[in-house]
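A.B. asks: How does the following fold in three dimensions:
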Amino acid sequence: MKNNLAIVFILIILNNVNLFGQNSNTVKSDTRIIKVDFTKTTGKMNTMFKECIGAGRANEGLRADWQQQLAMAKKECDFKYIRMHGLLTDDMAVYREDNKGNPEYNYQYIDALFDFLISIKMKPFVELGFMPSALASGSQTIFWWKGNVTPPKDYNKWGDLIKNLTQHFTERYGAEEVKTWYFEVWNEPNLTPGFWTGTQAEYFKLYEFAAKAVKSVNPAYKVGGPATAGAAWVPETIDFCAKNNVPIDFISTHTYGVNQGYLDEYGSTGTVLSKDDSSISGDVLNSRKQISASVKPNLELHYTEWSSSYTPADPIHDSYHSAAYILQKLKQVGNAPNSMSYWVFTDIFEEPGPRFTPFHGGFGLLNTQGIKKPAYFSYALMNKLGETELKNTDTSSWATKNAKGDVQLLFWNFTYTLPEKDVNNQAYYIKDLPSKSKGEVKIEVEGLQKGKYNLEIYKVGYKVNDAYTDYLGMNKPNQLSLQQVNALKKNNNGLPIATEKVNIDATGKYSRSYKINENDVVFFSFVKQ
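C.D. replies: Below you'll find the predicted structure:
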């Protein structure tokens, strides 16, 4: 009996030790530490996140409000390139034929658009599409603005159009400028008949004629594709080009972070944000792997569309959850892509037709009135990072410095909060969604230069630079008054939420704990005085 009691007693002790150990480990795992050293770097900060941004269609780029918004985004987020659909569509008045079938070219609308881009120091990522109706083999179109998605009736005339357009760009902007551009052939030809009524073989023919036309003007011009949905056709495109001696300088493709589907032309599909931690990033890393394993292992990789969701009516685009989501996915892809072009910068976007409410789940970083969504601030804050990255083992942060001795720390929490059963994005993210505490982040910075610093703290999260929740607080008016627009802009301006004076002594150390909630984004900027 005594032996049995002793065994029980020992088991209780061991069990309690195990429980204490579990509790201890839980506390330890819940204590997030970001520890960096000013003197320990990994090299130049990779800025692929701001290399390119998307826009709806070329004709929208002739609008004054579109141009004003892009100029602001350029200034605050510093996007380098912009990609859009519909450069060759009829509303850009590019192509027609006379009564004898001879081509006539006109680039006045394109000139107005590209002149503006150049004036704000942006460059076009030239998407060659869709088909001018006078050159089209059929009448199938996509979107409210009717982009023709059929193959050309004459591939030689298609090639001649691309050659003439490329020559025009060269004459207007100079070869040295155009050498820095990218020419991408078509958009999502694997989505048939949505974006392309032909076969894969017919797309490759379209690509070949376009690529050779661009290169005939200048062999140094960069051309690529296949601009597919769902990261498709990467090996097939490389194999086709290699076997047929067709030029290719880069691979482009797309990915979105929802579980089902690829195309929602009019914003009527229910979507569910993928719970898979490797959504988006898994596609990007796999595309790089496919390129590396191919006969052209050094091709550039450009994701010319990506976002949490592919539908133009998904409230996650407006939600504060998007800010942390964007950062999490960009951090995960690392150095695999040369660019990640977020789709898109503005809700001035008419694929399903002009929208009737100011917040409708549109793709944009900005809404139609130019109100900054939480997603916008992800890019604005990344643009504040310094040019040199510091060594950092935390997987949800970047730490950088600049030549002046300033230090920047951008950190976030991404928490998947979508309920498990029968709830889609359209039913969930449309609500007021308070965030829960995720404890504290302990920040430790070493190796700082002795002296005085101004610490600026920026934040994005629930009810902080969260225009959509403010809009819900206004009872979701279908139309915004000027006063309401101004109030939303003023309350969501991205300015620091706090500033502090910091004295760094001879030890060069700074430490503090910071409370963080689900899907918060926080930026610390140490500005040396």
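
A.B. asks: Please enumerate the helices of the stretch 101-250 of the chain.
C.D. replies: Here the stretch 101-250 of the chain has its helices, by DSSP state H, counting those that start in this stretch, at 108-119, 155-173, 175-178, 200-217, 234-244.

A.B. asks: Could you list the low-pLDDT ranges of the stretch 401-529 of the chain?
C.D. replies: Residues of the stretch 401-529 of the chain that meet the criterion pLDDT under 70 are absent altogether.

A.B. asks: What ranges does it have for its strands?
C.D. replies: Applying DSSP state E, counting those that start in this stretch to the stretch 401-529 of the chain gives strands spanning 407-412, 437-446, 451-460, 498-504, 510-517, 521-528.

A.B. asks: same question, the stretch 251-400 of the chain
C.D. replies: 300-307, 339-342, 388-390, 397-401.

A.B. asks: I'd like the ones you listed as CSV, with mean neighbour count and distance to Val234 appended.
C.D. replies: Any C-beta I mention is one placed from the backbone N, CA and C, and that applies to glycine too. Putting those into CSV (neighbours: other CB atoms under 10 Å; distance: least, CB to CB, whole Å) gives the following:
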stretch, mean neighbour count, distance to Val234
strand 300-307, 24, 9
strand 339-342, 26, 16
strand 388-390, 19, 28
strand 397-401, 24, 28
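
A.B. asks: In JSON lines: those strands, plus distance to Gln68.
C.D. replies: Below are the strands of the stretch 251-400 of the chain laid out as JSON lines (distance: least, CB to CB, whole Å):
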{"stretch": "strand 300-307", "distance to Gln68": "23"}
{"stretch": "strand 339-342", "distance to Gln68": "19"}
{"stretch": "strand 388-390", "distance to Gln68": "33"}
{"stretch": "strand 397-401", "distance to Gln68": "30"}
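
A.B. asks: Compare those strands and give me the one nearest Pro358.
C.D. replies: strand 300-307 (19.4 Å; CB to CB).

A.B. asks: So what are the sheet partners of the closest one and their directions?
C.D. replies: In the sheet, strand 300-307 lines up against strand 250-256 (parallel), strand 339-342 (parallel) (DSSP bridges).

A.B. asks: out of those strands, nearest to Gln67?
C.D. replies: Per CB to CB, nearest to Gln67 of the strands paired with strand 300-307: strand 339-342, 18.8 Å.

A.B. asks: Could you export that closest one as CSV, CA atoms only?
C.D. replies: Extracted as CSV, the C-alpha positions of strand 339-342 are listed here (Å, rounded to 0.1, in the frame of the first residue of the first chain):
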residue,chain,number,x,y,z
SER,A,339,8.3,42.3,-58.1
MET,A,340,5.0,41.8,-56.4
SER,A,341,2.4,44.1,-58.1
TYR,A,342,-0.6,44.6,-55.8
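
A.B. asks: who touches that strand?
C.D. replies: Residues outside strand 339-342 that contact it (CB atoms under 8 Å, 6 or more residues apart in numbering): 48-49, 51-54, 81, 83, 125, 284, 302-307, 326, 330, 333, 365, 375, 379.

A.B. asks: again with stretch 196-214
C.D. replies: Identification of contacts with stretch 196-214 by CB under 8 Å, 6+ apart yields 128, 138, 140, 149-152, 155-156, 158-160, 162-163, 166, 183, 185-186, 188-190, 192, 221, 223, 225-226, 233, 236-237, 240-241, 244, 246-248.

A.B. asks: end to end, how far does stretch 214-228 reach?
C.D. replies: Distance across stretch 214-228, first residue to last, is 20 Å (CA to CA, to the nearest Å).

A.B. asks: Relative to the whole chain's centre, how far out is that stretch?
C.D. replies: Relative to its chain's centre, stretch 214-228 lies at 23 Å (CA atoms, centre = their mean, to the nearest Å).

A.B. asks: Can you list the buried residues in that stretch?
C.D. replies: Using 16 or more other CB atoms under 10 Å as the burial criterion, the residues of stretch 214-228 that qualify are 214-215, 217, 221-228.

A.B. asks: try stretch 126-146
C.D. replies: 126-137, 140-143, 145-146.

A.B. asks: same question for that stretch, mean pLDDT?
C.D. replies: Average pLDDT, stretch 126-146: 97.

A.B. asks: May I have it as PDB, with CA atoms only?
C.D. replies: Output in PDB follows, covering the C-alpha atoms of stretch 126-146 (Å, rounded to 0.1, in the frame of the first residue of the first chain):
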ATOM      1  CA  VAL A 126       3.200  47.500 -70.700                       C
ATOM      2  CA  GLU A 127       0.500  44.900 -70.900                       C
ATOM      3  CA  LEU A 128      -0.200  44.200 -74.600                       C
ATOM      4  CA  GLY A 129      -3.900  43.600 -74.700                       C
ATOM      5  CA  PHE A 130      -6.800  43.400 -75.400                       C
ATOM      6  CA  MET A 131      -7.500  43.000 -79.100                       C
ATOM      7  CA  PRO A 132      -8.700  46.000 -81.000                       C
ATOM      8  CA  SER A 133     -12.100  45.000 -82.500                       C
ATOM      9  CA  ALA A 134     -10.900  45.800 -86.100                       C
ATOM     10  CA  LEU A 135      -8.200  43.300 -85.600                       C
ATOM     11  CA  ALA A 136     -10.200  40.700 -83.700                       C
ATOM     12  CA  SER A 137     -11.300  37.300 -85.000                       C
ATOM     13  CA  GLY A 138     -14.500  37.300 -82.900                       C
ATOM     14  CA  SER A 139     -16.700  39.400 -80.700                       C
ATOM     15  CA  GLN A 140     -16.200  37.800 -77.300                       C
ATOM     16  CA  THR A 141     -15.500  40.500 -74.700                       C
ATOM     17  CA  ILE A 142     -14.900  40.700 -70.900                       C
ATOM     18  CA  PHE A 143     -16.000  43.300 -68.400                       C
ATOM     19  CA  TRP A 144     -18.300  46.300 -68.500                       C
ATOM     20  CA  TRP A 145     -15.900  48.100 -70.700                       C
ATOM     21  CA  LYS A 146     -15.800  45.200 -73.300                       C
END
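
A.B. asks: quick one: it to chain centroid distance?
C.D. replies: Mean C-alpha position of stretch 126-146 versus that of the full chain (CA atoms, centre = their mean) differs by 26 Å.

A.B. asks: And stretch 182-190, by the same measure?
C.D. replies: For stretch 182-190, the distance to the chain centre is 18 Å (CA atoms, centre = their mean).

A.B. asks: go on, stretch 194-201?
C.D. replies: Remark: stretch 194-201 is offset 26 Å from the chain centroid, using CA atoms, centre = their mean.

A.B. asks: Can you give me the end-to-end span of that stretch?
C.D. replies: End to end - CA to CA - stretch 194-201 spans 17 Å.

A.B. asks: now stretch 260-280
C.D. replies: 13 Å.

A.B. asks: heads up, I number from 41, so please use that
C.D. replies: Will do, 41 is the new start, and the previous item becomes stretch 300-320.

A.B. asks: Tell me how this structure divides into domains.
C.D. replies: Using automatic domain parsing, the domain parsing of the chain gives 72-84+430-568, 88-427.

A.B. asks: Among these, show me which one is buried the most.
C.D. replies: Mean neighbour count (mean count of other CB atoms under 10 Å) peaks for domain 88-427 among the domains of the chain, with a mean of 20.

A.B. asks: That domain spans what distance, first to last residue?
C.D. replies: So domain 88-427: terminal residues 13 Å apart, CA to CA.

A.B. asks: can you check stretch 138-147 too?
C.D. replies: Stretch 138-147 has an end-to-end distance of 17 Å (criterion: CA to CA).

A.B. asks: What's the mean pLDDT across it?
C.D. replies: Per-residue pLDDT over stretch 138-147 has a mean of 97.

A.B. asks: Please apply the same query to stretch 373-386.
C.D. replies: Rounded mean pLDDT across stretch 373-386 is 97.

A.B. asks: So what's the gap between that stretch and the chain middle?
C.D. replies: 5 Å.

A.B. asks: Which of the strands paired with strand 340-347 sits closest to Leu153?
C.D. replies: Checking those against Leu153 by CB to CB gives strand 379-382 as the closest, at 17.5 Å.

A.B. asks: If the most centrally placed residue in the chain is in a bridge, with which residues?
C.D. replies: With distances taken as CA atoms, centre = their mean, Tyr382 lies nearest the centre of the chain, 2.3 Å away. Per DSSP bridges, the residues bridged to Tyr382 are Ile93, Trp346.
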